[in-house]
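In: predicted model and sequence below, questions to follow.
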Amino acid sequence: MTDPTPKAGNGTPSDTDASAGSLPVALPPAPPALLQRLEAARSLLLRVHRALLEAERVRFEKARGRIPNNTEFLQLVINDPWFDWLRPMAQMVLLIDERMSDKKSPLGRDEAQSLFDRARALLRADPEGDAFQRLYADALQHSPSLAVLAGQVAAALAG
């Protein structure tokens with residue numbers, strides 16, 4: 001009796017044959033070294049985000065007065081349009097966190113590379129770019145320590 005299971009070219013059941021219809025496509029998982037690079041990049045992105053928050057706090061306080069405490073600052077970050085431009089950075093860190101911790105659907109090699117690409121695109125300081133890129137470029141001009149940190153992130157994202 002013959003096995004009716006569709007076969008791939010190597011004689012094993014196909015998990016990538018779209019004509020089989022019911023079997024999912026198995027993508028190559030991200031190797032441990034790539035996951036470690038992504039975790040290191042995530043940590044640096046988080047440091048940049050914190051530095052940007054602090055820089056914006058200083059800018060906000062110069063324009064509107066002292067923020068009395070960290071709870072009030074958090075509320076401003078969440079609710080005040082002044083801080084809206086920082087959301088893409090927070091979302092990028094959160095996306096990396098979510099994908100790296102997803103045990104049901106582990107991060108694949110291509111998706112990990114896509115996360116690096118998205119982070120590089122986000123951190124393109126451009127005075128003519130979108131709101132994040134413009135204000136990020138401005139922040140880099142006013143903070144030498146942030147510029148150094150941004151260089152470290154760029155190197156980590158470049159691999």
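Out: Perfect, thanks for sending it.
In: going forward, measure contacts and count neighbours with C-alpha atoms only.
Out: Noted.
In: tell me where this structure has helices.
Out: Ranges of helices in the chain, per DSSP state H, are 32-64, 70-79, 87-101, 109-122, 131-142, 144-158.
In: just want the angle from the shortest one to helix 87-101.
Out: To tie it back to what came earlier, the one meant is helix 70-79. Angular relation of helix 70-79 and helix 87-101 on a 0 to 180 degree scale: 90 degrees, by axes from the mean of the first three to the mean of the last three CA atoms, to 10 degrees.
In: for helix 70-79, the distance to its chain's centre please.
Out: Relative to the centre of its chain, helix 70-79 is centred 22 Å away, using CA atoms, centre = their mean, to the nearest Å.
In: can you redo the helices of the chain as a markdown table with mean neighbour count and mean pLDDT?
Out: As requested, these are arranged in a markdown table below (neighbours: other CA atoms under 10 Å; pLDDT from 0 to 100):
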| stretch | mean neighbour count | mean pLDDT |
| --- | --- | --- |
| helix 32-64 | 16 | 95 |
| helix 70-79 | 13 | 97 |
| helix 87-101 | 15 | 95 |
| helix 109-122 | 16 | 94 |
| helix 131-142 | 17 | 94 |
| helix 144-158 | 16 | 91 |
